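Q: Here is the input, now give the coordinates:
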Amino acid sequence: MKKSLLALAVLGAFTTAASAQSSVTLFGTLDMAGRYVKADGQSRRLSEVTNGLNSSQLGFKGTEDLGGGLKAGFELLADLAGADTGSAPANGKLWNRRSVVKLLGNFGEVRLGRDYTPTFWNLTIFDAFGTNGLRSSLNVQQLYGSTRADNSIGYFLPSNLGGFYGQAMVAASEGRTELDKGGRYVGGRAGFAAGPFDVAFAASEWRIDAANAEHFKQYNIGGSYDLGVAKILGYWDRTTFINAKQNTGSISAVIPFGQSEVHVGYDRSKLTNNGLSSSVDQIKATYQYNLSKRTALYTTASRLSNKDATRLTLPGAAGATTASGKSSGIEFGLRHFF
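A: Coordinates of the predicted model:
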């Protein structure tokens, strides 16, 4: 009897130790909003949408302690953009937002799989509105690089470098011959953060297919400073492809008070191609009321103005505007983290 009790105690100890060394977490976001958008030359449109304040998504992540300061981990993240209708992601990829396995240690972190590109991070981190819906600075971009890369290998510097941080990524052109470099992505990001200050620079080169003599190139710099009463954020981005060159700038601020936040911002892009130029401006504002740390009510208003022959619209419009037309929209929504 005593031996049986001793064996059970030992087994329980090993089970507890094993469970303490590894963990898996379910997490996600649901964000639903009613959106009203109009554009010059198009009928007005009212719709229910996701991704107003944050991206609706469902994910799993986990880590395992391997001992000696070494850990293994993974993250799977699926898009729930069709959560308002229960539909699957339009691109057919189950874990379309992120699917990586990683190894962490004193050397830093290595990731393999589908992940966000270094150049994308500056656009979303240094914009008070992120990159969603009516709020996104991507609404003014006529020429855009890449948000994610498949078949990638990434490296992240360790976090104990006195505020310095950085990453590098290479994405393979899987299934192609050695002479065909189509789909290959190479990029990197380096920054410094201390107290209320944060700044980072990123650059990338992406070849879409072998027929293109020119690569898709992108580089940007972004920064933020927290004044206490408000946080100021901004970035500048330059993207080129063949003869097209685009410069995009964004400036925004977050003003917290009580359980509320006010976000204000301005974005502008200018594209030149074979001597012709066109530009787009956007002004935007969001009021967010935090019911808790995980749940918030919000309303966003945005107005996009085209110049020259540009015909961009806000997300949810019935179609393109007239040349040099305008597009405006407003939405009311509820966001919950879980």
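
Q: in the stretch 1-150 of the chain, which ranges drop under the pLDDT threshold?
A: Filtered on pLDDT under 70, the stretch 1-150 of the chain yields the residue ranges 1-20, 89-91.

Q: Please, where are all the strands along it?
A: For the stretch 1-150 of the chain, strands defined by DSSP state E, counting those that start in this stretch occupy the ranges 22-39, 45-50, 57-67, 70-79, 98-105, 108-116, 148-156.

Q: between the ones you listed, which gets nearest to Leu276?
A: Smallest distance to Leu276 across the strands of the stretch 1-150 of the chain (C-beta to C-beta): 22.6 Å, for strand 22-39. Bear in mind the C-beta positions are built from the backbone N, C-alpha and C, glycine included.

Q: Sheet partners, orientation included, of that closest one?
A: Strand partners for strand 22-39, identified by DSSP bridges, are recorded as strand 45-50 (antiparallel), strand 57-67 (antiparallel), strand 326-337 (antiparallel).

Q: quick one: average pLDDT of the last one?
A: Right, the one you point to is strand 326-337. Summarised as a single mean, pLDDT over strand 326-337 is 96.

Q: quick one: buried residues of that strand?
A: Counting neighbours by 16 or more other C-beta atoms under 10 Å, one finds that the buried residues in strand 326-337 are Lys326, Ser327, Ser328, Gly329, Ile330, Glu331, Gly333, Leu334, Arg335, His336.

Q: Please confirm that Leu314 is located within a helix.
A: No - judged by DSSP: H, G, I helix; E, B strand; the rest coil, Leu314 forms no part of a helix; its state is coil.

Q: relative to strand 148-156, how tilted is the helix or strand that contains Ala203?
A: Of the helices and strands defined by DSSP states H and E, Ala203 is found in strand 197-206. Taking axes from the mean of the first three to the mean of the last three C-alpha atoms, to 10 degrees, one finds strand 197-206 and strand 148-156 inclined to each other by 130 degrees.

Q: Report all helices and strands that strand 197-206 contacts.
A: In terms of contact count using 3 or more C-beta pairs under 8 Å, 6 or more residues apart in numbering; DSSP states H and E, strand 197-206 is assigned the packing partners helix 118-125, strand 185-194, strand 216-226.

Q: Point out the most buried one among those.
A: helix 118-125 (a mean of 23; mean count of other C-beta atoms under 10 Å).

Q: For that helix, enumerate the helices and strands it packs against.
A: Packing contacts for helix 118-125, counted by 3+ C-beta pairs under 8 Å, 6+ apart, involve strand 164-171, strand 185-194, strand 197-206, strand 216-226, strand 231-241.

Q: Nearest to Ala168 among the buried residues of strand 326-337?
A: Closest approach between the buried residues of strand 326-337 and Ala168, by C-beta to C-beta: Arg335, at 32.9 Å.

Q: Okay, Met169 and Val101: tell me how far apart.
A: According to C-beta to C-beta, to the nearest Å, Met169 and Val101 sit 15 Å apart.

Q: The two: which has the busier surroundings?
A: Neighbours were tallied for Met169 and for Val101 using other C-beta atoms under 10 Å; the higher tally belongs to Met169 (22 against 13).

Q: For that one, list each beta-bridge partner.
A: Residues in a beta bridge with Met169, per DSSP bridges, are Gly154, Gly187.

Q: check contacts around it.
A: Listed by C-beta atoms under 8 Å, 6 or more residues apart in numbering, the contact partners of Met169 are Asp115, Thr117, Pro118, Ala149, Ser152, Ile153, Gly154, Tyr155, Tyr185, Val186, Gly187, Gly188.
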